[in-house]
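A.B. asks: Using only what follows, build the 3D model:
(2 chains)
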Amino acid sequence: MCFKNLPIEFDAQGRATLLQGVRDPYAYETRSLADQEDKIKDLLARNGHIKSVDFDPVTRVAGALAFHSVVDLKERRVLETNSMATLFRGYEVILKGRDPRDAAYISSRACGVCGGVHSSTSALTMEMAFPVVPPPFGIVVRNLMLALEFWYDNPLHLFLLAGPDYSQAIVQTTNPQIWEKAQVTAAPNAEIHGYGAIGDLMTDLNPLTGSLYLGGLQMTRVAREAYVLIGGKYPHPETVIPGGMSTTVTLTTFNEVFARLRQLFDYAKRSVAIWDDLCDFFYDVDPEYKKVGARPANMIDVGIWDDPFAYDASYENCNEWGERRWATPGAIVDGEVVTTKLQAINIGVEEFIEHSYYEPWGEPRFATDPAGNPISPYHMWNKETRPQPVGQNWREKYSWSTAPRWDRKAMEGECTARLWNTAAGGVMPHRKFLEPTGTSLKMLLPRSTMPEMEIEWKIPDVWNAFERNRGRAYHIAYTTVVAFENWLLGLDLLKQGHDRVHTPFEPPRNGSQIGVGFWGAGRGYLTHHATIDNGALSNYQILTPSTWNASPRDPWGNPGPYEEAVLNTPILEEFDGPDSYKGIDILRTIRSFDPCMPCTTHIHVDGSDHVVTREVNTCACGIDG
Amino acid sequence: MRVMIAGVGHPNLRDLSIGPALVPTLRDMTWPDEVDVDDWSFGPIAVVQRIEDRPGHYERIVLLSAVERGLEPGTVTCSRWGGALPDAEEIQARIGEAVMGIISIDNLLIVGEHFRAWPSDVRVVEVEPDACEFGMDFSPRIAASLDDIVAAVRRAALDEDHG
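C.D. replies: Purely as a prediction, here's the structure:
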């Protein structure tokens, strides 16, 4: 029984039904935020040391994110937070009425960093709806493509976006005492990453000049080169389609990909060593850092990298093929994996809009999923996107992000959830380079310039900003070994003459079809839900990791993950007064989620001929509650 | 003189896409052997990395792009890039945008300058757009100016009116 809050129970065969005798099972009462807002206003008015601190925009994140906080600089704690997605994407609206075959190309544009993951998720959605199953080699190539895309995302986060927060340039300014210690503290993993002292490592994290920063930029090239060998373009591939791939992939392609793949073997070893040393150093210097960005380990992921001999694109069998993925699907509540079944994960998701710029939608179309499990009126298959731009108001609406919840809990869409689910789930069958132990995930990184190395990611006893970053470094290693295993698998298939990458299909022209793509972005969870009527998309819903993470408060007043993590963050920065306060602990927390506020590009403003091609600022000051 | 003419901008945004949209036209023209024409409708970091593959190869780069500067729509300006950089934080922000999907001439110039990718002679032909929504066609005003725009690029590339 994985649900504690939703009115769903399971029988002995694992079939879900609504609890008997509950009159309106999904009904809820909304809690007003007015009392809390009044309290904060009063504190602000009466105390000079309590300040509004606004980050607008939050820099070094992808896209348009603003963050409002109220900070008690004397007590060094955060009293109030509001996360604001400041742009409407509207891909759900754009896709309505389109030919379902176009969805992969259009939805890809939802993100300028990782468009390919949307292409693949869309292709999976259509494969379920049409239906069509790619040949094994097509699935292997798709797995490889996903890994290549993560090589762009994860180094970008670790060394260009979040990394500078731990650089000499920042630490020396915000925490000079820590910088002093860093210079004389030996780095335990010096033999792997080559930095004798933590201070040396921090210096190379300096933006613009540090070799780790510049190396991160260089890695984006390696990833792009490898990706376009198969995808044709990056970040919006031309070759990812329902039923597999639309390109010829040969031994030569595989060899050219390998020339890039082998660079990752050592890069992964170094990245893990660097972030292990950084995280452990901060914990040693001040254990309070374990509270920075802390929140309960509540995470959700739908798994990625399909077993080419198990995936059949059906919803009916998704529990089985989902558990055969290289990254196990799962919902994690308070650190425990409560289910690894895709259907249970899917039916537990709802999206709420009480504090988002959307109107409620009408009567739900579906009472159950295709397997007969109950779904909520607020589930994505029932949701419609109805934008309702109104003024910002902390008590009412303040974000373009919805508030997704699983079992009515705020979950993180987080790539470390893949390691966690796989480590603790115990069902992942591919053990060539991976060994889940129940409490850890061991990964065997092959020899390159550096020798073969086994690394072990351990389920942390706290879940915070540092563990998110550490998890991303291990995620590079995870991605690399999965890519290598799929590369080997692909070679075997090629040797056997199984070089077909696509299964032909006829899109439906009549009737109604339904599909969901369970996949993932570099940051974590990604799903597309679609319905097709008489050959055209009648509804399309994209749920990204940053929608989970940037969520505003839910109907019950519970904060979203960014909001909650910042609320729990102690102010450890050294400052003389409000004027010298930088907010680094808050920024470290927000950036640890690798925010991607898809997408800043090509936003059409209704009623005008204007297109916004970069992020905008939305002044959060002066908002009247 | 080895010259690169590059169209810069996002595709499919009507006048805003004048840079990449005119690349086929520019390629079809007759140029001296040492003039290359390329579509740079991709991120500035990728552009820099491409230039770094052949360090010092191009002695002049001509960038064609549409930018909203508040001028009369259809205005074509040609200028030499002076190489002035903003402060480090701003450069960081521009690099951040560059790797996250933003394509803009201003970002490209700053990122290229920061990484010392540019030759000493970089010329920018800018067009003030009239229509900036989705679409593949140009506004009537820009469509009527295409010959002038192409001529401006040609002059910039071949030094017909630059000292």
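A.B. asks: lowest-confidence helix or strand of chain A?
C.D. replies: strand A:603-604 (a mean of 40; mean pLDDT, DSSP states H and E).
A.B. asks: ok, now which residue in chain B is the farthest from the centroid?
C.D. replies: B:Glu89 (24.0 Å; C-alpha atoms, centre = their mean).
A.B. asks: mind checking which helix or strand the residue of the stretch 351-500 of chain A found nearest chain B is in?
C.D. replies: When distances are taken as C-beta to the nearest C-beta, the stretch 351-500 of chain A reaches nearest to chain B at A:Arg472, 15.9 Å away. Yep, even glycine has a C-beta here, placed from its N, CA and C like the rest. According to DSSP states H and E, A:Arg472 maps onto helix A:465-495.
A.B. asks: Give me the buried positions along the next helix-or-strand element following that helix.
C.D. replies: The C-terminal neighbour of helix A:465-495 among helices and strands, as given by DSSP H and E, is strand A:512-520. Under the neighbour-count criterion of 16 or more other C-beta atoms under 10 Å in any protein chain shown, strand A:512-520 has A:513-520 buried.
A.B. asks: In the stretch 51-200 of chain A, which residue sits nearest chain B?
C.D. replies: For the stretch 51-200 of chain A, C-beta to the nearest C-beta, closest residue to chain B: A:Gly112, 1.8 Å.
A.B. asks: Not counting residues beside it along the chain, what's closest to A:Val132?
C.D. replies: A:Phe505 (3.8 Å; C-beta to C-beta, 6 or more residues apart in numbering or on different chains).
A.B. asks: residues in contact with the one you found?
C.D. replies: By C-beta atoms under 8 Å, 6 or more residues apart in numbering or on different chains, the residues touching A:Phe505 are A:130, A:132, A:242-243.
A.B. asks: a markdown table please, covering those and showing neighbour count and secondary structure.
C.D. replies: As requested, the contacts of A:Phe505 are arranged in a markdown table below (neighbours: other C-beta atoms under 10 Å in any protein chain shown; DSSP: H, G, I helix; E, B strand; the rest coil):
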| residue | neighbour count | secondary structure |
| --- | --- | --- |
| A:Phe130 | 21 | coil |
| A:Val132 | 20 | coil |
| A:Pro242 | 27 | coil |
| A:Gly243 | 21 | coil |
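A.B. asks: Farthest pair within those residues?
C.D. replies: A:Phe130 and A:Gly243 (7.9 Å; C-beta to C-beta).
A.B. asks: Surely the residue of the stretch 51-200 of chain A closest to chain B and A:Ala64 touch.
C.D. replies: No: the pair A:Gly112 / A:Ala64 is not scored as a contact, 12.0 Å apart, by C-beta atoms under 8 Å.
A.B. asks: how close does A:Thr439 get to A:Arg418?
C.D. replies: 16 Å (C-beta to C-beta, to the nearest Å).
A.B. asks: For chain B, which helix or strand comes out least confident on mean pLDDT?
C.D. replies: Per mean pLDDT, DSSP H and E, bottom of the list for chain B is helix B:88-99, a mean of 91.
A.B. asks: Is any residue of the helix or strand following that helix near chain A?
C.D. replies: Using DSSP H and E, the next helix or strand after helix B:88-99 towards the C-terminus is helix B:105-114. Yes: counting by C-beta under 8 Å from any C-beta of the partner chain, chain A has neighbours in helix B:105-114: B:His114.
A.B. asks: could you give the angle of helix B:105-114 to helix B:88-99?
C.D. replies: Interaxial angle of helix B:105-114 relative to helix B:88-99 (axes from the mean of the first three to the mean of the last three C-alpha atoms, to 10 degrees): 110 degrees.
A.B. asks: Now the least confident helix or strand of chain B: buried residues?
C.D. replies: Buried, per 16+ other C-beta under 10 Å, within helix B:88-99: B:91-99.
A.B. asks: Measure how buried the residue of the stretch 351-500 of chain A closest to chain B is and give me the count.
C.D. replies: 26 (other C-beta atoms under 10 Å in any protein chain shown).
A.B. asks: Just the C-alphas of the helix or strand harbouring A:Thr125, formatted as PDB.
C.D. replies: Taking DSSP H and E as the criterion, A:Thr125 maps to helix A:115-129. Output in PDB follows, covering the C-alpha atoms of helix A:115-129 (Å, rounded to 0.1, in the frame of the first residue of the first chain):
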ATOM      1  CA  GLY A 115      15.100  19.400 -26.000                       C
ATOM      2  CA  GLY A 116      15.900  15.800 -27.000                       C
ATOM      3  CA  VAL A 117      14.500  14.400 -23.800                       C
ATOM      4  CA  HIS A 118      11.100  15.900 -24.700                       C
ATOM      5  CA  SER A 119      11.400  14.400 -28.200                       C
ATOM      6  CA  SER A 120      12.000  11.000 -26.800                       C
ATOM      7  CA  THR A 121       9.200  11.400 -24.100                       C
ATOM      8  CA  SER A 122       6.800  12.400 -26.800                       C
ATOM      9  CA  ALA A 123       7.900   9.500 -29.000                       C
ATOM     10  CA  LEU A 124       7.200   7.100 -26.100                       C
ATOM     11  CA  THR A 125       3.800   8.700 -25.600                       C
ATOM     12  CA  MET A 126       2.800   8.100 -29.200                       C
ATOM     13  CA  GLU A 127       4.200   4.600 -29.200                       C
ATOM     14  CA  MET A 128       1.700   3.800 -26.400                       C
ATOM     15  CA  ALA A 129      -1.100   5.600 -28.200                       C
END
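A.B. asks: Which strands or helices does that helix pack on?
C.D. replies: With contacts taken as 3 or more C-beta pairs under 8 Å, 6 or more residues apart in numbering or on different chains; DSSP states H and E, helix A:115-129 sits against helix A:103-108, helix A:136-155, strand A:240-241, strand A:512-520, strand A:525-533.
A.B. asks: Check the offset of it from the chain's centre.
C.D. replies: 16 Å (C-alpha atoms, centre = their mean, to the nearest Å).
A.B. asks: Return the residues of chain B in contact with chain A.
C.D. replies: B:10, B:13, B:16, B:45-46, B:49, B:88, B:91-93, B:95-97, B:99-104, B:114, B:131-134.
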